[in-house]
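Engineer: What follows is a predicted protein model with its sequence.
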Amino acid sequence: MKKARPIMIQGTMSSAGKSLVCTALCRIFAQDGYRVAPFKSQNMALNSFITEEGLEMGRAQVVQAEAAGAVPSVLMNPILLKPTTDFGSQVIVMGEVRGNMRASEYFRYKKELIPDILRAYHALEQTYDIIVIEGAGSPAEINLKQTDIVNMGMAQMADSPVLLVGDIDRGGVFAQLYGTVSLLAPEERARIKATIINKFRGDASILASGLDMLYELVGVPCAGIVPYVDADIDDEDSLSRRLENRERKEIDIAVIRLPRISNFTDFAPFEQYENVSLRYVSSIKELGTPDLVILPGTKSTISDLKWLRESGLEAAVLKLASHETPVFGICGGFQMLGRTISDPCGAEGGGVAAGMGLLEMDTVFHGEKTRLQISGSLGAVTGIFSGLSGMDFTGYEIHMGNSTERDTLVCRGNVYGSYVHGLFDAQGIADEMVRALCARRGLAFDGNRPFDRAAYKEEQYNKLAHAVREALDMKLIYDILEKRV
């Protein structure tokens with residue numbers, strides 16, 4: 001049986017655009033008739049997803065799978081690291097929690113995960129035609145190379161050619177590319193078959209002389225100059241772009257930017273309305289008086305609740321709630337809204353914390369993590385969002401604690417909470433919430449153009465793929481894929 005052909009995207013640094021280039025290639029290859037799977041051996045992210053089997057993986061590979069038209073699988077991301085502190089992470093292997101480790105401990109341990117990585121990769125090899133592999137950070141981290149399992153170490157395991165992406169938007173792209181190649185061992189340099197300049201704005205012809213000199217220095221061609229594409233694609237670094245928004249529109253939604261915020265992509269549907277602003281806030285001054293406050297998910301509920309309290313934001317949110325401003329908590333944010341959070345098993349360091357007291361429920365952490373996909377219809381919803389009653393939804397749950405209140409959507413007055421990630425993606429739910437907020441302010445809502453999240457995402461994947469296809473020498477890419485160069 002013919003095995004899948006790999007092609008790997010590495011970057012000169014974090015945020016060079018590896019994830020988006022991988023996403024674009026997944027869609028391009030799928031458009032060209034191939035069965036395509038993404039793969040990232042090790043991902044560090046707080047944005048995660050639950051598969052149909054109830055296993056946990058990074059959302060970046062879920063996005064790439066969607067672009068490829070493939071069902072997301074933990075085989076595509078066998079190792080997920082979810083930071084719990086500045087010095088350690090929860091280690092998830094093949095969708096299951098392996099334990100918490102400090103960085104130094106994981107550094108010594110990670111080579112033991114190579115068999116898991118290879119089993120996952122070889123399983124994909126038997127099913128797909130092309131595997132688009134994503135690296136992490138930079139392959140030139142010379143202090144980490146001995147135990148590398150995600151950059152050149154992975155390229156060697158998969159015997160994959162490599163495309164090296166540099167970020168011109170940050171400046172010094174030629175130095176990035178040349179410096180990265182220069183720090184590689186000869187056998188690693190031999191795997192790099194082309195470079196890509198990413199996030200370019202302006203007239204690409206001005207780069208011509210630089211590209212000629214770069215070719216002389218590194219010995220491989222530039223496969224293309226990818227423009228700064230205005231496509232709305234969820235990726236690991238997309239929160240940084242969203243943080244830049246300071247504009248307040250007719251309807252203002254404030255998401256509390258918790259220190260360990262997770263799954264911030266839950267709220268992307270609200271960004272599609274012309275009269276709605278979605279802002280991430282981390283201080284009382286930034287909070288102001290929004291029309292809706294959202295408490296998002298978090299990897300560290302108790303410590304982030306402590307931060308919320310110490311920053312004064314808890315008191316500010318309680319004051320807004322007392323003046324009938326709607327407050328909506330998702331997952332960890334939902335837990336914070338209750339009376340107490342108990343951690344008898346030490347999942348987050350142990351102890352008991354008083355919650356915000358806005359919902360009549362208590363939460364207890366246990367050793368097992370809840371992981372499941374969920375769908376159904378919402379029950380009776382009261383208050384400003386009563387129009388949500390009976391609406392269909394799909395999503396997934398991923399949390400350590402269990403609460404005494406287990407309705408899909410819990411409501412008490414103007415306070416709402418749910419464990420369901422992806423709740424706002426469901427057809428009509430974001431529309432209904434924005435409609436209700438508009439009605440409260442006496443504003444019109446255009447109900448003739450309901451927002452279809454799934455169709456919108458497909459449109460954005462195609463937009464990204466078109467721009468990248470136009471920018472890259474796809475004949476060269478296919479020649480590299482077929483190992484003709």
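Structural biologist: In hand now; what should we look at?

Engineer: Buried by neighbour count: which residues of stretch 430-442 qualify?
Structural biologist: 430-438 (16 or more other CB atoms under 10 Å). Yep, even glycine has a C-beta here, placed from its N, CA and C like the rest.

Engineer: which among those residues gets closest to Asp148?
Structural biologist: Using CB to CB, Ala430 comes nearest to Asp148 of the buried residues of stretch 430-442, at 41.6 Å.

Engineer: ok, back up a step: looking at the buried residues of stretch 430-442, which are in helices?
Structural biologist: 430-438 (DSSP state H).

Engineer: I'd like the next helix or strand past the helix or strand of the chain with the lowest mean pLDDT.
Structural biologist: Sorting the helices and strands of the chain by mean pLDDT, DSSP states H and E puts helix 238-242 at the bottom, at a mean of 63. Sequence order places strand 251-256 as the next helix or strand after helix 238-242, per DSSP states H and E.

Engineer: what distance separates that next one from the centre of its chain?
Structural biologist: Here strand 251-256 is found 20 Å from its chain centre; the criterion is CA atoms, centre = their mean, to the nearest Å.

Engineer: ok, now stretch 75-91?
Structural biologist: 13 Å.

Engineer: Buried residues in the top strand by length along the chain, which are they?
Structural biologist: Identified as the longest strand of the chain according to DSSP state E is strand 362-377. Within strand 362-377, the residues scored as buried using 16+ other CB under 10 Å are 362-365, 369, 371, 373-374.

Engineer: next one: stretch 201-218
Structural biologist: Buried-residue list, stretch 201-218, by 16+ other CB under 10 Å: 207, 211, 214, 218.

Engineer: follow-up on the earlier one: got the buried residues of stretch 430-442 as a markdown table, with pLDDT and distance to Ile149 columns?
Structural biologist: Formatted as a markdown table, the buried residues of stretch 430-442 follow (pLDDT from 0 to 100; distance: CB to CB, whole Å):
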| residue | pLDDT | distance to Ile149 |
| --- | --- | --- |
| Ala430 | 95 | 39 |
| Asp431 | 94 | 44 |
| Glu432 | 95 | 45 |
| Met433 | 97 | 43 |
| Val434 | 96 | 44 |
| Arg435 | 95 | 49 |
| Ala436 | 97 | 48 |
| Leu437 | 97 | 47 |
| Cys438 | 96 | 50 |
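
Engineer: if we can go back for a sec, who touches the longest strand of the chain?
Structural biologist: 50-52, 54-56, 95, 97, 301, 335, 338-345, 347-348, 355, 390-404, 408, 419-420 (CB atoms under 8 Å, 6 or more residues apart in numbering).

Engineer: And this protein, what are its domain boundaries?
Structural biologist: Listed domain ranges for the chain are 5-233+459-481, 251-442 (source: automatic domain parsing).

Engineer: I'd like the ones you listed laid out as JSON lines, including distance to Glu244.
Structural biologist: Converted to JSON lines, those look like this (distance: least, CB to CB, whole Å):
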{"stretch": "domain 5-233+459-481", "distance to Glu244": "14"}
{"stretch": "domain 251-442", "distance to Glu244": "9"}
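
Engineer: do you know which of these lies nearest Arg453?
Structural biologist: domain 251-442 (4.5 Å).

Engineer: shaky segments in the stretch 351-485 of the chain?
Structural biologist: 447-449 (pLDDT under 70).

Engineer: 90 instead?
Structural biologist: Applying pLDDT under 90 to the stretch 351-485 of the chain picks out residues 351-352, 366-369, 400-402, 404-407, 427, 444-454, 483-485.

Engineer: can you give me the helices for it?
Structural biologist: Secondary structure of the stretch 351-485 of the chain (DSSP state H, counting those that start in this stretch): helices at 429-441, 453-471, 474-481.

Engineer: what comes into contact with the longest one?
Structural biologist: To tie it back to what came earlier, the one meant is helix 453-471. The list of residues contacting helix 453-471 from outside it, by CB under 8 Å, 6+ apart, reads 20-21, 23-25, 27-28, 31, 66-67, 224-227, 229, 231-233, 269, 272, 425-427, 430.

Engineer: What are the buried residues along that helix?
Structural biologist: 453, 457, 460-461, 463-469, 471.

Engineer: For it, what is the distance to the chain centroid?
Structural biologist: With CA atoms, centre = their mean as the basis, helix 453-471 stands 17 Å off its chain's centre.

Engineer: Now do it and helix 474-481, the angle between them.
Structural biologist: Using axes from the mean of the first three to the mean of the last three CA atoms, to 10 degrees, the inter-axis angle of helix 453-471 relative to helix 474-481 is 90 degrees.

Engineer: and helix 453-471 with helix 429-441, angle?
Structural biologist: Taking the same axes, to 10 degrees, one finds that helix 453-471 is oriented at 110 degrees with respect to helix 429-441.

Engineer: and helix 453-471, C-alpha only, in PDB?
Structural biologist: Written as PDB, here are the backbone C-alpha positions of helix 453-471 (Å, rounded to 0.1, in the frame of the first residue of the first chain):
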ATOM      1  CA  ARG A 453     -20.800  30.100  11.000                       C
ATOM      2  CA  ALA A 454     -20.000  26.900   9.000                       C
ATOM      3  CA  ALA A 455     -20.500  28.600   5.600                       C
ATOM      4  CA  TYR A 456     -18.500  31.600   6.800                       C
ATOM      5  CA  LYS A 457     -15.500  29.300   7.800                       C
ATOM      6  CA  GLU A 458     -15.600  27.600   4.400                       C
ATOM      7  CA  GLU A 459     -15.500  30.900   2.700                       C
ATOM      8  CA  GLN A 460     -12.500  32.000   4.700                       C
ATOM      9  CA  TYR A 461     -10.600  28.700   4.100                       C
ATOM     10  CA  ASN A 462     -11.200  29.200   0.300                       C
ATOM     11  CA  LYS A 463     -10.100  32.800   0.500                       C
ATOM     12  CA  LEU A 464      -6.900  31.900   2.300                       C
ATOM     13  CA  ALA A 465      -6.200  29.000  -0.200                       C
ATOM     14  CA  HIS A 466      -6.700  31.300  -3.200                       C
ATOM     15  CA  ALA A 467      -4.300  33.900  -2.000                       C
ATOM     16  CA  VAL A 468      -1.600  31.400  -1.000                       C
ATOM     17  CA  ARG A 469      -2.000  29.400  -4.300                       C
ATOM     18  CA  GLU A 470      -1.600  32.600  -6.300                       C
ATOM     19  CA  ALA A 471       1.500  33.500  -4.300                       C
END
